[in-house]
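In: no FASTA, just this:
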């Protein structure tokens with residue numbers, strides 16, 4: 001699950017980033033309006049943490065851009081501005097929640113998980129495809145009630161496929177979903193090939209009623225058998 005933090009205050013941005021990394025999220029950051037604009041135009045996120053007051057522009061304008069693009073990324077506004085007008089403007093432009101600074105990291109994490117669960121699983125705490133059951137909050141998977149042993153990256157990939165069923169996903173999108181801003185630090189495409197290969201093998205051995213199909217020249221998709 002991938003998070004974008006749009007926050008100009010460096011100490012707060014890094015504190016939030018460190019907290020979310022401990023929660024096993026893939027985390028990207030932007031310190032100003034134009035950096036954030038580039039990222040939301042190029043990538044999809046499970047949740048965007050958005051400050052209103054940014055160097056170069058307003059977080060509300062970023063919300064307008066998301067709306068123009070018809071994006072469904074969950075948005076949590078984090079702002080020191082606590083006026084009713086700001087909250088109303090943000091929510092009317094498509095924000096899902098509003099958290100006033102200062103806040104406790106535990107509350108921030110809880111709200112992020114709630115938004116992601118609401119967006120991707122319609123409020124359920126599990127995701128099911130065929131006989132495959134995922135517990136996103138626990139990062140656990142089962143096939144016919146039996147635990148499916150996955151490493152962190154395998155789970156991240158499987159979850160990405162499960163919330164995008166029957167959609168062909170290219171390797172670069174998969175790499176971005178796993179590595180985020182660190183994508184250039186590894187041979188990510190070879191890594192994706194290796195992890196998908198292992199994941200396909202584990203699903204087959206467990207008797208899953210879904211499979212990862214290679215779509216030549218494009219990528220992979222998750223389909224029910």
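Out: In hand now; what should we look at? Note that this is a predicted model, so its numbers are computed, not measured.
In: Tell me how many other residues surround residue 136.
Out: For residue 136, the neighbour count with other C-beta atoms under 10 Å is 22. C-betas here are computed from N, CA, C, even on glycine.
In: One more: the one 10 residues further on?
Out: The local packing of residue 146 (other C-beta under 10 Å) involves 11 other residues.
In: my guess is it meets residue 202, correct?
Out: No. Checked against C-beta atoms under 8 Å, the pair residue 146 and residue 202 is beyond contact range at 11.7 Å.
In: Spatially nearest residue to residue 51, not counting backbone neighbours?
Out: In space, and not counting its chain neighbours, residue 51 is closest to residue 7: 4.8 Å by C-beta to C-beta, 6 or more residues apart in numbering.
In: Contact partners for that neighbour?
Out: 13, 16, 29, 31, 49, 51, 78 (C-beta atoms under 8 Å, 6 or more residues apart in numbering).
In: Next, give phi and psi for it.
Out: The phi and psi values for residue 7, taken as degrees, to the nearest 10, are phi -150, psi 130.
In: Show the pLDDT at it.
Out: Confidence at residue 7, expressed as pLDDT, is 96.
In: mind checking how far it is from residue 41?
Out: As defined by C-beta to C-beta, to the nearest Å, residue 7 lies at a distance of 19 Å from residue 41.
In: One more: residue 163?
Out: In terms of C-beta to C-beta, residue 163 sits 22 Å off from residue 41.
In: sorry, back to before: point out the ones among the contacts of residue 7 that are inside strands.
Out: Cross-referencing the contacts of residue 7 against strands under DSSP state E gives 29, 49, 78.
In: what residue ranges in this structure score low on pLDDT?
Out: Within the chain, the ranges that satisfy pLDDT under 70 run 81-84, 119-125, 179-189.
In: domain ranges for it?
Out: The record assigns the chain these domain ranges, following automatic domain parsing: 2-121, 127-224.
In: So what's the gap between the longest one and the chain middle?
Out: What it means is domain 2-121. 12 Å (C-alpha atoms, centre = their mean, to the nearest Å).
In: ranges for the strands of this structure?
Out: Under DSSP E, the chain gives strands at 2-6, 26-30, 47-50, 53-54, 57-58, 74-79, 97-100, 127-129, 132-135, 140-143, 146-147, 169-170, 210-215, 219-224.
In: I appreciate the help and will end here.
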